[in-house]
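In: structure, please.
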Amino acid sequence: MAKDKKGKIKLSKSVLEMKFMQRSKLKAIAEQEAEEGEAMYGKNITAEMKNVVDKYIVEPSYVPIKKLIVGRVSYGGMNPEVEKLMTHKITGKKNMEISRQMDKDISDLEMAAHFKSNLANTMGKKFVGAKVTKRQLKKMKFKKPNE
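Out: Down below sits the predicted model:
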């Protein structure tokens, strides 16, 4: 195995051509291209240029930007089935918003207290179970009748 300038072990081409080494091959090619790019343009690229974060988000479609309706649309009773679907979709969104805004029936503290007590009971039953069965066996013994 040959070593490159940085001391890393470099795999041979025949090993990289094997089917199970395809990921390693892609990584090696990407590293090599990055090194070549740095060698060519290293003087021109500043540290600020390397650390720049994108200021813009690229949206491939203007549908979410304009808040347009996606899918089939019908107006004026031309297709009643599609109009029903449209109304269900719109009312469904409104219902979801309303359900999110509804008040809670049980407060968080009450729920926490309920689960805490249940947890303590179940953990208690875990360790008491064997003792209870021994007591029950003693009670179930056959007793002689009094004469």
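
In: every contact and neighbour count from this point should use C-alpha atoms.
Out: Noted.

In: could you pull out the helices for this structure?
Out: Shown for the chain, the helices assigned by DSSP state H span residues 13-16, 22-41, 47-50, 63-66, 80-101, 108-139.

In: and for A30, the neighbour number?
Out: When neighbours are defined as other C-alpha atoms under 10 Å, A30 has 12 of them.

In: how close does it sit to K19?
Out: 18 Å (C-alpha to C-alpha, to the nearest Å).

In: same question, Y75
Out: 57 Å.

In: likewise R72?
Out: With distances taken as C-alpha to C-alpha, R72 is found 46 Å from K19.

In: go on, A34?
Out: 24 Å.

In: quick one, which of those two is more surrounded?
Out: For A34 versus K19, neighbours defined as other C-alpha under 10 Å are more numerous around A34 (12 against 9).

In: can I get stretch 53-60 in PDB, CA atoms only?
Out: In PDB, the C-alpha atoms belonging to stretch 53-60 read as follows (Å, rounded to 0.1, in the frame of the first residue of the first chain):
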ATOM      1  CA  VAL A  53     -23.400  30.900   5.000                       C
ATOM      2  CA  ASP A  54     -26.100  31.100   2.300                       C
ATOM      3  CA  LYS A  55     -28.400  34.000   2.900                       C
ATOM      4  CA  TYR A  56     -31.000  32.800   0.600                       C
ATOM      5  CA  ILE A  57     -33.300  29.800   0.400                       C
ATOM      6  CA  VAL A  58     -34.000  28.500  -3.100                       C
ATOM      7  CA  GLU A  59     -37.500  27.300  -3.600                       C
ATOM      8  CA  PRO A  60     -38.000  25.400  -6.900                       C
END
